[in-house]
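Participant: structure for the following, please:
(one chain, ligands or ions: 2)
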Amino acid sequence: MDSFIEAKQRYEDLGVDVEKALTLLSSKAISIHCWQGDDVKGFENRGAVLSGGIQATGNYPGKARNPEELMEDFEKAISLIPGKKRINLHAIYAITGKKMVERNRLEPAFFDPWIDFAKKNHTGIDFNPTFFSHPMVKNNLTLSSPESSVRDYWIGHGIICRRIAAYIAQKMNDSVLNNLWIPDGYKDIPADRLGPRQRLKDSLDKIYAEKLSGVIDCLESKVFGIGLESYTVGSAEFYLSYALSHPGIYNLLDNGHYHPTEVISDKISSFLIFFDKLPLHVTRPVRWDSDHVVLLDDELKEIAREIVRNDALDKVLIGLDYFDASVNRIAAWVIGTRNMQKALLFALLQPIEKMKKQQDEYRFTELMMLNEELKTFPFGAIWDEWCGRENVPQGRNWFKEIERYEQDILSRRN
Ligand code: RNT
Ligand code: ZN
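Facilitator: Ligands and ions are numbered 1, 2, ... in the order given. This is a model prediction of the structure:
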């Protein structure tokens with residue numbers, strides 16, 4: 001018997017509608033971050049190194065060196081990933097030709113090649129201003145700097161990036177998530193915690209003053225960065241409070257931005273009660289915010305279960321955020337994105353109503369049993385079927401394409 005039919009029967013015996021699960025999975029877009037392709041370097045060519053307390057470690061050969069190579073690599077990755085996709089851009093990926101353009105002078109047209117790329121590949125686009133890897137980041141400070149010239153520079157960048165996002169939204173006839181993350185913080189115990197946060201609030205008010213259509217604004221908090229271990233201006237409480245007091249601005253959860261034993265799966269339901277959208281950065285922190293490639297681990301499955309069982313596939317905007325330079329970068333995209341989708345499928349194949357009922361009727365033993373049995377259900381056969389229907393390689397067959405691409409294209413770069 002066909003292994004899909006057999007697997008489907010097992011799930012249907014539990015009351016799970018497998019066809020409905022596959023339809024829902026096909027309709028959920030994952031926003032794939034362009035910065036995995038070149039270790040968060042971008043195209044500015046100002047010789048700046050990655051700053052802001054984040055780090056891409058490793059030196060796997062063949063990284064993309066220019067827009068053409070990054071797009072070529074991205075296209076390869078996209079061809080091996082099933083389902084709906086969005087591409088997530090950062091301002092430093094502006095295509096300015098040979099011109100060196102200041103971040104507060106970026107023009108929407110610098111993103112036209114990306115718009116063409118997205119249309120050709122049938123993806124959406126998301127956007128991020130870049131507040132790091134730049135000489136105007138003074139002492140790791142941007143929007144909260146005590147120097148008004150520094151703040152003004154970055155406010156200008158924030159304003160222009162929202163306009164770029166609005167331009168992309170209009171050209172794509174789709175909304176664009178515009179996520180703001182700043183590195184601002186201190187290595188050692190600050191003498192003043194309030195001042196920087198007050199200045200950040202004032203800067204944000206200026207950035208968000210303009211009403212724009214098509215842009216979904218969000219703010220990303222953090223607990224610490226490398227070299228910024230003692231204090232982060234844009235903390236979880238700061239941005240949550242800002243978002244709650246500014247309708248239309250959302251709080252993004254990056255699962256690498258909390259204490260090591262703190263998980264975001266438990267936070268999702270609370271956000272869903274108070275916000276109509278919840279953007280995520282899905283990553284894998286290993287001991288710190290290391291941004292390892294997303295694996296199909298327990299927390300990823302729990303995040304997916306929270307999204308699915310709370311009927312929040314439309315509300316939770318899933319974006320990925322990792323940058324591993326120690327492995328084939330295209331494979332990193334494919335593995336991480338497919339894992340996010342596997343986790344969603346795993347969640348979609350759970351008899352949710354049955355399990356909620358078990359909880360409400362205090363049948364905890366039965367719930368524990370079912371949860372454990374589901375772990376060894378024939379999930380792989382359903383996954384392979386979906387990949388086949390989506391016209392991408394099944395199982396590990398996609399890796400042959402990576403090997404060929406590495407040999408034909410990546411090995412020629414140095
Ligand atoms: C940094 C944040 C942020 C960046 C990207 C490149 O800790 O997670 O989202 O990773 O903007
Ligand atoms: Zn992030």
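Participant: what does the stretch 201-350 of the chain have sitting close to ligand 1?
Facilitator: Glu220, Lys222, Asp254, His281, Asp289, Asp321 (Cβ under 6 Å from any ligand atom). For glycine as for every other residue, the C-beta is placed from the backbone atoms N, C-alpha and C.
Participant: one more time with 8 Å, if that's ok
Facilitator: With Cβ under 8 Å from any ligand atom as the criterion, the stretch 201-350 of the chain meets ligand 1 at residues Glu220, Lys222, Gly225, Asp254, Gly256, His257, His281, Thr283, Asp289, Asp291, Asp321, Phe323.
Participant: now, which of those lie within strands?
Facilitator: Among those, DSSP state E puts Glu220, Asp254, His281, Asp289, Asp291 in strands.
Participant: the strands in this protein, which residues?
Facilitator: If DSSP E is used as the criterion, the strands of the chain fall at 30-33, 85-90, 124-128, 176-180, 185-186, 215-220, 231-232, 249-254, 278-282, 284-286, 288-292, 316-320.
Participant: now those in TSV, with mean pLDDT and mean neighbour count?
Facilitator: As requested, these are arranged in TSV below (pLDDT from 0 to 100; neighbours: other Cβ atoms under 10 Å):
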stretch	mean pLDDT	mean neighbour count
strand 30-33	99	25
strand 85-90	98	23
strand 124-128	99	24
strand 176-180	99	25
strand 185-186	98	22
strand 215-220	98	22
strand 231-232	98	20
strand 249-254	98	23
strand 278-282	99	25
strand 284-286	97	17
strand 288-292	96	20
strand 316-320	99	22
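Participant: can you lay out the ones you listed as JSON lines showing distance to Leu70?
Facilitator: What follows is the strands of the chain, written out as JSON lines (distance: least, Cβ to Cβ, whole Å):
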{"stretch": "strand 30-33", "distance to Leu70": "12"}
{"stretch": "strand 85-90", "distance to Leu70": "10"}
{"stretch": "strand 124-128", "distance to Leu70": "14"}
{"stretch": "strand 176-180", "distance to Leu70": "19"}
{"stretch": "strand 185-186", "distance to Leu70": "29"}
{"stretch": "strand 215-220", "distance to Leu70": "23"}
{"stretch": "strand 231-232", "distance to Leu70": "30"}
{"stretch": "strand 249-254", "distance to Leu70": "22"}
{"stretch": "strand 278-282", "distance to Leu70": "20"}
{"stretch": "strand 284-286", "distance to Leu70": "23"}
{"stretch": "strand 288-292", "distance to Leu70": "18"}
{"stretch": "strand 316-320", "distance to Leu70": "16"}
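Participant: mind checking which of the ones you listed is nearest Gln341?
Facilitator: Each of the strands of the chain was checked against Gln341 via Cβ to Cβ, and the shortest separation belongs to strand 30-33, namely 6.6 Å.
Participant: and ligand 1, is the closest one touching that?
Facilitator: Yes. Residues of strand 30-33 are located near ligand 1 by Cβ under 8 Å from any ligand atom, namely His33.
Participant: pull the CA atoms of that strand into PDB?
Facilitator: Output in PDB follows, covering the C-alpha atoms of strand 30-33 (Å, rounded to 0.1, in the frame of the first residue of the first chain):
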ATOM      1  CA  ILE A  30       7.500  31.900   5.400                       C
ATOM      2  CA  SER A  31       9.600  35.000   5.200                       C
ATOM      3  CA  ILE A  32      13.200  34.000   4.300                       C
ATOM      4  CA  HIS A  33      16.000  36.300   5.300                       C
END
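Participant: just checking, what packs against it?
Facilitator: Contacting strand 30-33 under the criterion 3 or more Cβ pairs under 8 Å, 6 or more residues apart in numbering; DSSP states H and E are the following elements: helix 67-79, strand 85-90, strand 316-320, helix 329-348.
Participant: now the second one against strand 316-320, angle please.
Facilitator: Between strand 85-90 and strand 316-320, the angle comes out at 70 degrees (axes from the mean of the first three to the mean of the last three Cα atoms, to 10 degrees).
Participant: go on, the first one?
Facilitator: Using the same axes, to 10 degrees, the direction of helix 67-79 lies 120 degrees away from that of strand 316-320.
Participant: restrict the ones in strands among the residues of the stretch 201-350 of the chain next to ligand 1 to contacts with ligand 2.
Facilitator: The subset of those lying close to ligand 2, counting by Cβ under 5 Å from the ion, consists of Asp254, His281.
Participant: contacting residues for the nearest residue to Ile207 once chain neighbours are set aside?
Facilitator: For Ile207, ignoring the flanking residues on the chain, the nearest one in space by Cβ to Cβ, 6 or more residues apart in numbering is Gly158 at 3.7 Å. With contacts defined as Cβ atoms under 8 Å, 6 or more residues apart in numbering, Gly158 is in contact with Pro129, Leu143, Leu180, Ser203, Leu204, Lys206, Ile207.
Participant: need the max-distance pair from the residues you listed.
Facilitator: Spatial extent of the contacts of Gly158 (Cβ to Cβ) is set by the pair Pro129 and Lys206 at 13.3 Å.
Participant: which of these two has more neighbours?
Facilitator: Here Pro129 and Lys206 are set side by side on neighbour count (other Cβ atoms under 10 Å), and the busier one is Pro129, at 25 against 15.
Participant: mind listing what the nearest residue to the more buried one once chain neighbours are set aside touches?
Facilitator: Spatial nearest neighbour of Pro129, chain neighbours left out: Cys161 (3.7 Å); criterion: Cβ to Cβ, 6+ apart. Contact partners of Cys161, counting by Cβ under 8 Å, 6+ apart, are Ala91, Leu106, Phe127, Asn128, Pro129, Asn178.
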